[in-house]
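Colleague: return a 3D structure for these sequence lines:
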Amino acid sequence: MKRLTLLFGLLLAATLCTLPATDAAAESKPTKYNLCRKHPTDGPYIVYDAEKGAYTAVADKRGHVLAMPYDGGAVEVRSSRDAYLFSVTPHAVERGPWELRQAPKLFVTSDPHGDFQSFATLLQAHGVIDSGYRWSYGNNQLVVIGDIFDRGYDVLPLLWLMYKLEQEAADAGGAAVLLLGNHEGMVLAGDVRYTRGKYLETARQLGMENYRQLFSPETELGRWLLARNTMLRIGRNLFVHSGLSARLLERDLEIETLNARMSEGLYRTSKERREDPTLEFLYRSAGPVWYRGMVCADEKYDPLTPEQTGALLRRYDADRLLVGHTIFPDISTFHDGRVIAVNVQNDLNRRKNRGRAVLIEGSRILVVGNRGVKRVLEE
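Modeller: Below you'll find the model as predicted:
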C-alpha cells in the first residue's frame, strides 16, 4: 500500500472561529471556513477507504491535515490545543443492550457538546475515570444522554473517550453508555449549522464532499455510532435524550424497535427520512431526540399531562425518566419527580459549583457537582 500524501497547507484567518452557514446543503459548496487559532487540532479519524486503504487523518496545531496509512494499532488522541490526552485501540463494535440491571452506582450526565475539560473533570471528581482518563468505576455505570457533537472544540476527544470507556467498563463488569441525541442525528444527516468550521475544513482538505463522511460506516467512529442506542432502561430508570411524547405512546414502539429504527435513519438526510413515516416522526419535534413537552409547558411544545406521563412510564415499565436536551440552570425535576432533566450549562456550572450530574445509589438520587454531592433529589 502506497504511502498517502494528503498533506495540505492552510493559512489561518486572523479572526475568531465562525459558524458555518445554516443551510445543510451549504456544506457541499466550495466555502472557505475560518479556523480558530487557539483550537486548530482535530482528529484522529480512522477511515477504511476501499480505494486508498485504511488511513488515519489528523489536523495539526497549524490546521494542516495529514493522512497516513493505518495498521490497526493504537492512535494518539490530543486536545484541540494539541495536548496529549490518551491513546485508543479499536475494538469490536456491537450494539449494547437496551436494558441493564442497576449497579450500586449509576452516574448520569448529558450534552457535553465538545467540552472535554468540563466532562472529564466531572468524571474524575467522582472516581468514574482516573487522571489518565481510564475507567476507574469498577462494576458501576455511566450514562451520557446524547449530544457530543457541535458547539465545542473537542468533539473527537469526547467521542474517543466514550468509545474507549465502553470497552474498559465492560472489562471491569460495569457499563459506559452513550445514547444518541439530536445533534448526532443532525450532523450525520449533513446539518452542520452548529458545527465549528475547523471540522468542516478537515473534511475539505481530505477531498470529502461533506463533514459527515468522516463518520460514515466506513470509519471506526462511524461504525460505533451506528450501533449506539437511543433509549435505555436501567433498573427502574429510563433514559432518552429529550423526552417521550403522547404521539410516541400512540405508536407503541418497543424500545428495541425504536433503537433499531433510529439507527436505520441515522445516516439518512432529512429528505430521505421524510420518505419513511416512522423515521420522519422519530427525527422530528415529537420524537425522542427533539421533544421538549415533558419539561416545557409552553403550548408550542405540546406539553404532557401528568396522566400521559404516567401512561408512558407504565408502557416502558419505569418509575422515572432522565432526559437531557433542554438546558436548565441546575438539575431539575418535573411531573412530581418522575422526570429528571440533567442538561445544564456545563462550563458555567463547573465554575460556579452548581449541579452537574445525577448519581443514583439504590433508591437514593443525588445531585452532584465537581466538588461532590450538592443535594438529595429522592430517597
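
Colleague: use CA for all of it now, contacts and neighbours both
Modeller: Noted.

Colleague: sec struct for Arg354, please.
Modeller: coil (DSSP: H, G, I helix; E, B strand; the rest coil).

Colleague: next, count neighbours for it.
Modeller: By the criterion of other C-alpha atoms under 10 Å, Arg354 has 21 neighbours.

Colleague: quick check, pLDDT for the closest residue in space to it that isn't next to it in sequence.
Modeller: In space, and not counting its chain neighbours, Arg354 is closest to Gly369: 5.9 Å by C-alpha to C-alpha, 6 or more residues apart in numbering. pLDDT, Gly369: 96.

Colleague: surely Gly369 and Lys352 touch.
Modeller: No. Gly369 lies out of contact with Lys352 (C-alpha atoms under 8 Å); the separation is 9.6 Å.

Colleague: neighbour-wise, which of the two wins?
Modeller: Counting neighbours by other C-alpha under 10 Å for Gly369 and for Lys352 shows that Gly369 has the greater number, 23 against 10.

Colleague: so what's the more buried one up against?
Modeller: Gly369 is in contact with 122, 350, 353-357, counting by C-alpha atoms under 8 Å, 6 or more residues apart in numbering.

Colleague: His64: which of these is nearest?
Modeller: Nearest to His64 among those, counting by C-alpha to C-alpha, is Leu122 at 31.7 Å.

Colleague: what's the offset of the strand or helix carrying that closest one from the middle of its chain?
Modeller: Per DSSP states H and E: Leu122 is located in helix 116-125. Distance, stretch centre to chain centre, for helix 116-125: 15 Å (C-alpha atoms, centre = their mean, to the nearest Å).

Colleague: now stretch 140-155
Modeller: Distance of stretch 140-155 from the chain centroid (C-alpha atoms, centre = their mean) equals 4 Å.

Colleague: how far does it stretch from start to finish?
Modeller: For stretch 140-155, the first-to-last residue distance is 25 Å (C-alpha to C-alpha, to the nearest Å).

Colleague: ranges for the helices of the stretch 101-250 of the chain?
Modeller: Applying DSSP state H, counting those that start in this stretch to the stretch 101-250 of the chain gives helices spanning 116-125, 155-171, 182-187, 197-205, 220-226, 246-251.

Colleague: which strands and helices lie in contact with the next helix or strand after the last one?
Modeller: Right, helix 246-251. Moving toward the C-terminus from helix 246-251, the first helix or strand encountered (DSSP H and E) is helix 255-265. Counting contacts by 3 or more C-alpha pairs under 8 Å, 6 or more residues apart in numbering; DSSP states H and E, helix 255-265 packs against helix 277-282.

Colleague: quick one: mean pLDDT for the helix it packs on?
Modeller: Across helix 277-282, pLDDT averages out at 98.

Colleague: what's the first helix or strand after it?
Modeller: Downstream of helix 277-282 (by DSSP H and E), the next one is helix 306-315.

Colleague: for the next helix or strand after that next one, packing partners?
Modeller: Using DSSP H and E, the helix or strand that follows helix 306-315 in sequence is strand 320-323. Secondary-structure packing of strand 320-323 (3+ C-alpha pairs under 8 Å, 6+ apart): strand 237-239, strand 339-341.

Colleague: which outside residues touch strand 320-323?
Modeller: Residues from elsewhere that reach strand 320-323 (C-alpha under 8 Å, 6+ apart): 110, 145, 236-243, 313, 337-343.

Colleague: now do 10 Å
Modeller: With contacts defined as C-alpha atoms under 10 Å, 6 or more residues apart in numbering, strand 320-323 is touched by 108-110, 144-146, 232-233, 236-244, 288-289, 292, 294-295, 309-310, 312-314, 333-343, 358.

Colleague: what angle do the lowest-mean-pLDDT helix or strand in the chain and helix 116-125 make?
Modeller: Scoring the helices and strands of the chain by mean pLDDT, DSSP states H and E places strand 372-378 at the bottom, with a mean of 91. If you take axes from the mean of the first three to the mean of the last three C-alpha atoms, to 10 degrees, strand 372-378 sits at 80 degrees to helix 116-125.

Colleague: which other helices and strands contact strand 372-378?
Modeller: For strand 372-378, the packing partners by 3 or more C-alpha pairs under 10 Å, 6 or more residues apart in numbering; DSSP states H and E come out as strand 357-361, strand 364-369.

Colleague: okay, angle between that strand and strand 357-361 too, please.
Modeller: Interaxial angle, strand 372-378 versus strand 357-361 (the same axes, to 10 degrees): 60 degrees.

Colleague: describe which strands strand 372-378 pairs with in its sheet and in which direction.
Modeller: Paired strands of strand 372-378, with direction, are strand 364-369 (antiparallel) (DSSP bridges).

Colleague: related to what we said a few turns ago, can you give me how far the least confident helix or strand of the chain is from the chain middle?
Modeller: Mean C-alpha position of strand 372-378 versus that of the full chain (C-alpha atoms, centre = their mean) differs by 25 Å.

Colleague: buried sites along that strand?
Modeller: 373-374, 377 (16 or more other C-alpha atoms under 10 Å).

Colleague: and what of stretch 44-53?
Modeller: Of all the residues in stretch 44-53, those buried under the rule 16+ other C-alpha under 10 Å are 44-48.

Colleague: tell me the one of these nearest Met208?
Modeller: Val47 (11.7 Å).

Colleague: ok but the closest one is inside a strand, no?
Modeller: Yes. Val47: assigned to a strand according to three-state DSSP.

Colleague: pretty sure it contacts Pro90?
Modeller: No. Contact between Val47 and Pro90 fails when scored by C-alpha atoms under 10 Å: they sit 11.9 Å apart.
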